[in-house]
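Predicted coordinates and the sequence they were generated for:
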Amino acid sequence: MTALSSRHIISMDDLSADDITLILDTAESFAEVNERRIKKLPTLRGRTVINLFLEPSTRTRTSFEIAAKRLSADAINMTGSASATVKGESLRDTAATLSAMACDLIVVRHSYAGAPHVLTECMDAHVVNGGDGMHQHPTQALLDLFTMRRRASRLEGLTVGIVGDIAHSRVAGSLVPALLTVGATPVIIAPPTLLPARPDVLGAEVSTSLDEALPALDVAYMLRIQMERAEGMPFPSLREYARFYGMNEARLAAAKPDMFVMHPGPMNRGVEVSSGVADSPRTVVLDQVNAGVAVRMAVMYLLLGGEGGGAAA
Amino acid sequence: MAYRTKAVVMDGSAIDRALTRIAHEILEANSGCGTIALAGIVTRGTVVAARLAERIERIEGTSVPVGTLDISFYRDDVATRLAPEVHRTDIPFDVEGRNIVLVDDVLFTGRTIRAAMDAIMDYGRPASIQLAVLVDRGHRELPIRADYVGKNVPTSRKERVRVALSEIDETGDSVVIEEEVAG
Amino acid sequence: MALLLKGGRIVDPAVGLDRVADMIVRDGRVVEIGEDLSIPKGVTIECAEKVVVPGLVDVHVHLREPGREYAETIASGTRAAAHGGFTAVCAMPNTTPVCDTGSKVRFVIERAEETGVVRVHPLGALTKGSAGEALAEIGDMVVEGAVAFTDDGHGVTDAGMMRRVMDYARAFDAVVASHCEDASLAGRGVVNEGVVSTRLGLPGQPAAAEEVQVARDLRLAELTGCRLHLQHLSTAGSLELVRAAKERGVPVTCEVTPHHLFLDEDAIGPSYDTDLKMNPPLRTAADRQALVAAVLEGTVDCIASDHAPHGPHEKALEFELAPFGTTGLETALSLVVTHLVHPGELDWADLVRLMATGPRAVFGLPEVRLEAGAVADITVIDPEARVEVTKEWFVSSSANSAFLGGTLLGKATDVLVGGRFALRNGKVVD
């Protein structure tokens, strides 16, 4: 197959196993480009990509921007806050304005779930979800799969522990269905205060003890802990969190010898991951960052190349 | 659309002879193989490049670097057509200052070669770029010509030239012209 | 003027009536019910194959005036009510400003007399500004015509405050209507906490957020002896609590909405349709079935729409930002007929109890019985009329209906308010 089955990337639920393989294989080619001295391709010359980031995020925005520019697309950043749209221009009005500027692809990061879907309703452009509220962050899941496939040489059959704030994490929201689609086994590991209301509907195994779950894991995916919350902290202290749910040298020693550690970044050293683990060769955080650009190039190429969607030959 | 064979223009031994001649021509034009590298354009250009490299090594006794070039991301029709399959590009040599011989199976409009030249340039500044093809079927749309040609094959635009190479094709080595079957 | 309702099936369980007959209305009152009646002059309405019932009442309606007239006014909201078959509505006090003094109650009543086409009974706020901090002038509002009191829109956070309100309201024999929602449990929740909140990554409100306050307010009604009406109950657990309280003799009534009876959270999908965002949220299929069972067994006193109009620009926002609420006045009757009467779950007498007699009893509104001498508040229903629910079909100023796109069977064709047409042949009469 040569084209994606969907003309937007909103949720990992939209992507089949074939779609995921196509994206990861294409990303391998772009990863090669990213190792060259001249990291630029003329592929998307003349196309316009808008990064609409209505929630602060330097890392993801930069990654999308580099991806667009390496493909020679005109990349334009628009930042703001979703709350500003309450007072002034609504998201639909913003979308109408961007449509009038004839952009070909829009990447949207937004504080509220479902915002990318709103854009698909009122724009002709391809929409890529760069993270919506507590819902999904599909390109993060794709770059995570890319990193896992390179490190473990397979995806099928891997047991991946996802540790931490599952309830509020769009990273987990995308990674769990992505792992299920490719035949891996996700295990979500968190105190009950950080689990979603119905973890069973996600299809992942659930554990409240990292130490119990640890021996089975091929990958330990440590989610970032949000340090400030309006509704109060869901655990007593960072120290206690680190003691029960942090990845440290002792846990690394107790795990499978080839288990590796991932983190979507930025890491809170000493909380989710101890400093020693963070700097160890068993942690692949920088590989994830590298993969981010290649995967996002692949997504843009596959959506904008051809006529998008299933129309391409 | 259906096609049928119109003529077999090269068989296995013709292809062999043509490649051996091209290997000699490349060495002659570049005064040996000291500065050259081959870059095969996927898929069949890669095979042709490997065969040329093998012949050059047999003649000269030293190996010549060979790379693989996928030009999917350099095509000028990305907007309307995705490449059927994207392959990994692998240029395991420094392009800077070298004489690069692009290798492909068939030269047609020249657009693929234009894309390949762009791709090579993104790796560095070669001393020169030359072009070797097994078949030149004409109908150029860009000011491009081959330096080394296995066989010139006059065709009509509606015909198709199929190159089969035993490394990847079950039918073994051949170059065939096919024409459309009406209806 | 004299009216003859000819050949309709007249149903009123309060007077033991369910038969095909004629009815004469003169000078705003029912004059006679019997066979083969005629009038020398006046208007004859052909009611064959139709059902004639006491005028329907919706005890939970947001008319938005004053403050948000772009979404609804007393004029447009009462026309929507007539279109839906209602002869009276109870207006919630969460307008801008909040209806929390006698003069604001008077405003609503006077506006309704000037611009409305059906009766409007305002509710007043329990606390000043519905802020939950200080008693509102409940006595003054009773005198000016408020029929009950509520801080609808959110719960009364402080249990001590709720107790004081209920104690005080008893002095005026006023009904306290409660929107049960514990803010600390509901949090930022915009859907039911469970499968859909997990799938769509939306903050959820657990069923317990409602049930905790239902249990609290039932205990406070027992403590104070105040009459309590529980608004828009949405969970199986809430109905369980009400059932037990009624058995203990607690003076409590309750309502459920058509959207909680006929929709559940599974309707909310990846399109994040904000017309399906309401408070309390759509619950599980099991909750929905428990609500229907409670209606059938009689635990539920009335069906109320919680008609909550919003402008299109408000509902066009992201799901988490859009306001709560669906319109309901114009679909409530058709939904109940389609989903409960036609399948034989309810008979017409049950419908009268749930949508005419029950609602009046909840807030002590004047009774309407289909017998000689009664005020002629009458609804005529065509059970076989098809309704395509489209934006254009609504008379309300707003079209944020959770039921858009549906086809329903059964609707009001004529509505008489005090003998005067508010709806005739399906058209609102100004």
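Received it, and whenever you're ready, just let me know what you need. Note that the coordinates shown come from a computational prediction; the quantities given were computed from them, not determined experimentally.

all contacts plus neighbour counts: C-alpha atoms, from now on.
Will do.

got the contact list for C:Leu220?
C:162-163, C:166 (CA atoms under 8 Å, 6 or more residues apart in numbering or on different chains).

So which of these would count as near chain B as well?
Filtering the contacts of C:Leu220 for proximity to chain B by CA under 8 Å from any CA of the partner chain leaves nothing.

Let's have those residues in a markdown table, adding neighbour count.
Output for these, formatted as a markdown table (neighbours: other CA atoms under 10 Å in any protein chain shown):
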| residue | neighbour count |
| --- | --- |
| C:Met162 | 24 |
| C:Arg163 | 19 |
| C:Met166 | 27 |
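
Return the closest of the residues you listed with respect to C:Arg119.
C:Met166 (26.9 Å; CA to CA).

In the stretch 201-313 of chain A, which residue sits closest to chain C?
A:Val201 (6.4 Å; CA to the nearest CA).

Can you get me a residue count around that residue?
13 (other CA atoms under 10 Å in any protein chain shown).

State which one residue of chain C is found closest to chain A.
Counting by CA to the nearest CA, chain C gets nearest to chain A through C:Gly201 (3.9 Å).

which residues touch that residue?
A:113, A:133-136, A:168, A:170, A:173.

Those residues also near chain C: which ones?
Restricting the contacts of C:Gly201 to contacts with chain C (CA under 8 Å from any CA) yields A:113, A:133-136, A:168, A:170, A:173.

quick one on the thing from earlier: ok, the contacts of C:Leu220 vs C:Cys254, which is closest?
Of all the contacts of C:Leu220, C:Cys254 sits closest to C:Met166, with 16.4 Å by CA to CA.

what secondary structure does that closest one sit in?
helix (DSSP: H, G, I helix; E, B strand; the rest coil).

contacting residues around C:Asp27?
Counted by CA under 8 Å, 6+ apart, C:Asp27 has contacts C:1-2, C:419.

Can you add pLDDT, secondary structure and neighbour count and give the residues you listed back as CSV?
Shown next, in CSV, are those (pLDDT from 0 to 100; DSSP: H, G, I helix; E, B strand; the rest coil; neighbours: other CA atoms under 10 Å in any protein chain shown):
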residue, pLDDT, secondary structure, neighbour count
C:Met1, 77, coil, 11
C:Ala2, 92, strand, 18
C:Gly419, 96, coil, 20
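
Return the distance of the residue nearest to A:Leu223 when sequence neighbours are not counted relative to A:Ala190.
Excluding the flanking residues, the one nearest A:Leu223 by CA to CA, 6 or more residues apart in numbering or on different chains is A:Gly164, at 5.2 Å. As judged by CA to CA, to the nearest Å, A:Gly164 and A:Ala190 stand 5 Å apart.

Next up, phi/psi of the residue most central in space within chain C, please.
In chain C, the residue lying closest to the centroid (CA atoms, centre = their mean) is C:Ala304, at 2.5 Å. Main-chain torsions, C:Ala304, degrees, to the nearest 10: phi -130, psi 150.

swap in C:Val89?
Backbone geometry at C:Val89, expressed as degrees, to the nearest 10, gives phi -130, psi 150.

that older thread, quick check, the residue of the stretch 201-313 of chain A closest to chain C in contact with C:Val195.
Yes: between A:Val201 and C:Val195 there is a contact under CA atoms under 8 Å: 6.4 Å.

ok, which stretches of the stretch 1-150 of chain C are helices?
Secondary structure of the stretch 1-150 of chain C, counting by DSSP state H, counting those that start in this stretch: helices at C:74-83, C:102-115, C:138-144.

wait, which of those helices is closest to C:Ala372?
With distances scored as CA to CA, the stretch of the helices of the stretch 1-150 of chain C nearest to C:Ala372 is helix C:74-83 (23.6 Å).

quick one: the closest one to chain centroid distance?
13 Å (CA atoms, centre = their mean, to the nearest Å).

burial count for A:Met233?
Around A:Met233 there are 14 residues (other CA under 10 Å).

So it: helix, strand or coil?
coil.

A:Tyr245 is in contact with the residue nearest to A:Leu223, correct?
Yes: with contact defined as CA under 8 Å, A:Gly164 and A:Tyr245 form a contacting pair (7.0 Å).

any shared contact partners between the two?
A:190, A:272.

Settle it for me: which of the two has more neighbours?
A:Gly164 (26 against 23).

distance of that one from chain B?
37 Å (CA to the nearest CA, to the nearest Å).

Ramachandran coordinates for that residue?
Dihedral angles (degrees, to the nearest 10) for A:Gly164: phi 130, psi -140.

Can you name the residues that contact it?
Residues near A:Gly164 by CA under 8 Å, 6+ apart: A:189-191, A:194, A:222-225, A:245, A:272.

go on, C:Glu388?
C:Glu388 makes contact with C:405-408, according to CA under 8 Å, 6+ apart.

I'd like the residues you listed laid out as CSV, including neighbour count and distance to B:Thr89.
Listed next are these as CSV, based on neighbours: other CA atoms under 10 Å in any protein chain shown; distance: CA to CA, whole Å:
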residue, neighbour count, distance to B:Thr89
C:Gly405, 11, 53
C:Gly406, 10, 55
C:Thr407, 14, 58
C:Leu408, 21, 62
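
count of neighbours near whatever residue of chain A ends up closest to chain C?
Closest approach of chain A to chain C (CA to the nearest CA) occurs at A:His135, with a separation of 3.9 Å. Look at A:His135: counted by other CA under 10 Å, it has 29 neighbours.

Isn't C:Thr115 up against C:Ile74?
Yes: look at C:Thr115 against C:Ile74 with CA under 8 Å: they come within range, at 6.8 Å.

between those two, who's got more neighbours?
C:Ile74 (26 against 15).

I figured that one hits C:Ala112, correct?
Yes: between C:Ile74 and C:Ala112 there is a contact at 6.1 Å, judged by CA under 8 Å.

ok so, going back, point out the most buried one among the helices of the stretch 1-150 of chain C.
Compared across the helices of the stretch 1-150 of chain C, helix C:74-83 shows the largest average neighbour count, a mean of 28 (mean count of other CA atoms under 10 Å in any protein chain shown).

which secondary structure elements does it contact?
In this structure, helix C:74-83 packs against strand C:86-91, helix C:102-115, strand C:420-424, strand C:427-428, with contacts taken as 3 or more CA pairs under 8 Å, 6 or more residues apart in numbering or on different chains; DSSP states H and E.

Compute the first-to-last residue distance for stretch A:24-43.
Stretch A:24-43: ends 18 Å apart by CA to CA.
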